[in-house]
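structure for the following, please:
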Amino acid sequence: MSFSGGRGGRHRNNNRQSSSSNPPHQHHQNAPEPLLRPCRHYTSQDNCTNAKCNFAHVVKLHCAINASSHKPQPQHQRTPKGAGGFHPIEGCALWDTPTGIKIFSGGRDGFWRLWNTAGGNFVKEFEHNMGGGPVSCLELASNFLFCGFEGQSVTLPGVTVGMIHAWNLQQPSAPPMEFHLSELAPYAAAQSVTCLLAVSEPIVSGSRDAVIRTWKLNAASGSFVLDKTLCGHAGEITGLAQVGTMLWSTSTDRSIRLWDVPSGECKHLITADTLTGGNKVGHTEAVTDIITLDGTFVLTSSLDGTVKAWNSANGECLGSENHGQGVVCIALTTDPSGKPLLLCGLEWGNIMIRNVVQTPDVPPFRLLLTLSAKYSCGHNDGPVKTIKAGPANTFYSGGSDGKLNVWQITNKMV
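Below you'll find the model as predicted:
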């Protein structure tokens, strides 16, 4: 399979997530105690020979793919133990094909790569160089792969801009569609595109320039054109979610905004000073991700160490759970019995798994399990940058260590 490419760009730092070289946030509370502790042998090797093992056999790591390229190392400089010296993985997307699941990964090295999971071998099928700028986000919808990245402007020499390319996966050799602000501004944003929402039209993008844009397909030209520009955030856009006609957005400016999509107007603002029942309920650090739950609830994560649940109808805060360290990304999956689970990718490379709904023995959002390189297996050298759920109770995580980890929940936890 071959893909046609477009223009690329240069590297810039993404400050959405903290680095392992930064000290932990001192205001974080201690990490909560999980209900279960994973068996290292079962989780990492799928092989526990201890008949009396008291640890949980519920999650296993199928593969840890080196999904990015090596960072250039200065002469005589030693790579920190466990770091691997790879560029971070910034995003991933899953492609359900007739021959099985394939995984797209995007890295800070400026490449996206396609991995074939057939036979459990996880072979790299294809890679595409976007020109050197980091690939910040990948989304797959209706057989289109949408890629947000930082590229070199063709109209402004020496200037990097935010770009979006979209490949028709049924015609992968055809040139990608490019998102342009205008004829004289053939790019999608003034700075790197950091998040995309492509579940329906309009396509929504968020970028480091603090602007949200909606895009519609022009049937005559076969390209996506700018529909609306939503301004109000004062920091990088980190997440987008839509419930009905309302668009929720999160940002490093520590706020959440609710927008009316048809009009483009901001209808509600949630900050650290927002009150619910007389209590301040907003996030106090950068808000990093957002997802919806059954169209009724919205969940947000933050470097303040919390995941918060909101009423999608009115923006009321319904609950907040602490994780002891910054939460960088979140996703929903299920266990083999169909019970929903919340996956939380953390600042120091851990993944925490929580139940979502109340059971007779466990309250909602109880911490069930923590996956860590120290005690079981997981990511090293900084945050988990992306986490996505897949079929058959699988999930996929990409980290600052350049690894794309393929996990599976094998038994129910509660």
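
just give the strands next to the helix or strand hosting Val298 in its sheet, each with its orientation.
Using DSSP states H and E, Val298 sits in strand 297-302. Strand 297-302 has its sheet partners listed here by DSSP bridges as strand 287-293 (antiparallel), strand 306-311 (antiparallel).

flag the shaky bits of the stretch 51-200 of the chain, pLDDT-wise.
The stretch 51-200 of the chain contains residues with pLDDT under 70 at 74-84.

can you map out the strands along it?
Taking DSSP state E, counting those that start in this stretch, the strands of the stretch 51-200 of the chain run over residues 59-66, 89-97, 100-107, 111-116, 123-129, 135-141, 144-152, 160-168, 177-178, 193-197.

contact partners for Ile164?
By CB atoms under 8 Å, 6 or more residues apart in numbering, the contact list for Ile164 reads Phe146, Cys147, Gly148, Phe149, Glu178, Phe179, Ala188, Val193, Leu196, Ser205, Trp215, Phe224. Every C-beta, even on glycine, is put in place using the N, C-alpha and C of the backbone.

out of those, which are buried?
Phe146, Cys147, Gly148, Phe149, Glu178, Phe179, Ala188, Val193, Leu196, Ser205, Trp215, Phe224 (16 or more other CB atoms under 10 Å).

if we can go back for a sec, ok, and what's touching the strand holding Val298?
Under the criterion CB under 8 Å, 6+ apart, residues 239, 241, 243, 248, 250, 254, 256, 283-293, 307-312, 318, 326-330, 342, 344 lie in contact with strand 297-302.

how deep is Ser153 tucked in, by neighbour count?
As a burial measure, Ser153 scores 18 neighbours (other CB atoms under 10 Å).

of the buried ones among the contacts of Ile164, which is the nearest to Arg366?
Top of the list for closeness to Arg366, among those and by CB to CB, is Leu196 at 31.9 Å.

what sits opposite the residue lying closest to that closest one once chain neighbours are set aside in the beta ladder?
Nearest residue to Leu196 in three dimensions, chain neighbours excluded: Glu139, at 4.5 Å (CB to CB, 6 or more residues apart in numbering). Assessed by DSSP bridges, Glu139 has beta-bridge partners Phe146.

same question for Leu404.
Beta-bridge partners for Leu404, by DSSP bridges, are Ile65, Gly398.

so where do the helices sit in the chain?
Per DSSP state H, the chain carries helices over the ranges 40-45.

surely Arg213 touches Ser205?
Yes. Arg213 lies in contact with Ser205 (CB atoms under 8 Å); the separation is 5.2 Å.

quick revisit: could you flag which of the contacts of strand 297-302 are buried?
Using 16+ other CB under 10 Å, the buried ones in these are 239, 241, 243, 248, 250, 254, 256, 283-293, 307-310, 312, 326-330, 342, 344.

could you measure Val135 against Thr284, distance?
Val135 sits 30 Å away from Thr284, going by CB to CB, to the nearest Å.

ok, Gln45 next?
40 Å.

same check, this time on Gly151
34 Å.

just to revisit the earlier point, out of the strands paired with strand 297-302, nearest to Asn411?
Once these are compared by CB to CB, strand 287-293 is nearest, at 23.1 Å.

now do that closest one: distance to the chain's middle.
Chain-centre distance of strand 287-293: 10 Å, with CA atoms, centre = their mean, to the nearest Å.

that one vs strand 193-197, what angle?
Computed by axes from the mean of the first three to the mean of the last three CA atoms, to 10 degrees, the angle separating strand 287-293 from strand 193-197 equals 10 degrees.

wait, what's in contact with Val193?
Residues in contact with Val193 (CB under 8 Å, 6+ apart) are Ser136, Cys137, Gly148, Phe149, Glu150, Gly162, Met163, Ile164, Ser205, Gly206, Ser207.

what mean pLDDT does the strand holding Val298 get?
The pLDDT scores in strand 297-302 average 98.

name the residues of that strand that are buried.
Buried residues in strand 297-302, counted by 16+ other CB under 10 Å: Phe297, Val298, Leu299, Thr300, Ser301, Ser302.

stretch 336-348 too?
Lys339, Leu341, Leu342, Leu343, Cys344, Gly345, Leu346, Glu347, Trp348.

before I go, just wanted to say thanks for your time.
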